[in-house]
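1. sequence? don't have it. structure:
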């Protein structure tokens, strides 16, 4: 069974932040970024969020462009990609609109410790997938998705979710919108959270596309793999 293709889409400030230090909701991207989000969501079988991202967004990840939704249906896929949340604690508000939107398959991925709370929150409105007895892993999550026939997985935050895949070498591509903002804040979340890679072991990327629309840069990178030495020669 082939591993699903995993790609990230995220708007970032010039200093690499994806949100303010206080985590309050703020839209970084323009209408062009909104169109790019729609285009990438339309390619995905499932859009995955971390628990904090879901708590902030509250509503589901949808393809808003009717033409893109119609194209999905014409190709034999549902009009909307499935939505998934990854939460170790299973602590999700019962009243989120995410649980109510029609026409979207929903999944809650958790471990044994988070399963009771996740099932209480889902109340049959989402499939609760218990991945393992310990820490939730990206490899176990992808196995579960592959078993459900999902081939393209889009990650939309936060940085801890991206790190979970990056540390296991399970990221294939990143789509980054560089926006004309500076956020600052040592504790503000970034594109890649977690413990971070040690020096000399960073993920190497290859820039495959760069385009400008207005004041934003749209960048597409392919992940080459873990670097095994120092920085590239200049």
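-> Yep, it's here. Note that this is a predicted model, so its numbers are computed, not measured. Numbers count the residues shown, from 1 in each chain.
2. drop to CA atoms for contacts and neighbour counts, all remaining ones
-> OK.
3. how about low-confidence regions in this structure?
-> Along the chain, the parts satisfying pLDDT under 70 run over 133-134, 227-234.
4. ok, the most centrally placed residue in it - contacts?
-> Taking CA atoms, centre = their mean as the criterion, residue 155 is the residue nearest the geometric centre of the chain, at 1.7 Å. Counting by CA atoms under 8 Å, 6 or more residues apart in numbering, residue 155 makes contact with 6, 7, 8, 9, 47, 48, 49, 161, 162.
5. state the helix or strand in which the third one lies.
-> It stands for residue 8. Using DSSP states H and E, residue 8 sits in strand 5-12.
6. other residues contacting whatever helix or strand comes next after that strand?
-> Counting by DSSP H and E, the next helix or strand C-terminal to strand 5-12 is helix 31-43. Applying CA under 8 Å, 6+ apart, the contact partners of helix 31-43 are 9, 11, 47, 62-65, 68-69, 72, 80-81, 152, 154, 177, 213.
7. cutoff 6 Å now
-> With contacts defined as CA atoms under 6 Å, 6 or more residues apart in numbering, helix 31-43 is touched by residue 63.
8. do a quick rundown of the strands in this protein.
-> With DSSP state E, the ranges of strands along the chain come out as 5-12, 46-50, 82-86, 106-110, 127-130, 152-155, 173-178, 203-213, 216-226.
9. wait, residue 179 touches residue 216, no?
-> Yes - look at residue 179 against residue 216 with CA atoms under 6 Å: they come within range, at 5.0 Å.
10. tell me which strands the strand holding residue 8 pairs with, and in which orientation.
-> Here strand 5-12 has these sheet partners by DSSP bridges: strand 152-155 (parallel), strand 173-178 (parallel).
11. tell me how far it lies from the chain's centre.
-> Taking CA atoms, centre = their mean, to the nearest Å, one finds strand 5-12 lying 6 Å from the centre of the chain it belongs to.
12. from the rest of the structure, what touches that strand?
-> For strand 5-12, the external contacting residues (CA under 6 Å, 6+ apart) are 18, 152-156, 171-178.
13. show me which of these is closest to residue 53.
-> Here the nearest of the contacts of strand 5-12 to residue 53, counting by CA to CA, is residue 156; it sits at 8.2 Å.
14. need the strands of the chain in a markdown table (columns: distance to residue 142).
-> Formatted as a markdown table, the strands of the chain follow (distance: least, CA to CA, whole Å):
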| stretch | distance to residue 142 |
| --- | --- |
| strand 5-12 | 9 |
| strand 46-50 | 11 |
| strand 82-86 | 12 |
| strand 106-110 | 11 |
| strand 127-130 | 12 |
| strand 152-155 | 9 |
| strand 173-178 | 16 |
| strand 203-213 | 20 |
| strand 216-226 | 17 |
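15. quick one: which of those is nearest residue 136?
-> Proximity to residue 136 (CA to CA) singles out strand 106-110 among the strands of the chain, at 6.3 Å.
16. quick one: strands adjacent to the closest one?
-> Partners of strand 106-110 in the sheet, by DSSP bridges, are strand 82-86 (parallel), strand 127-130 (parallel).
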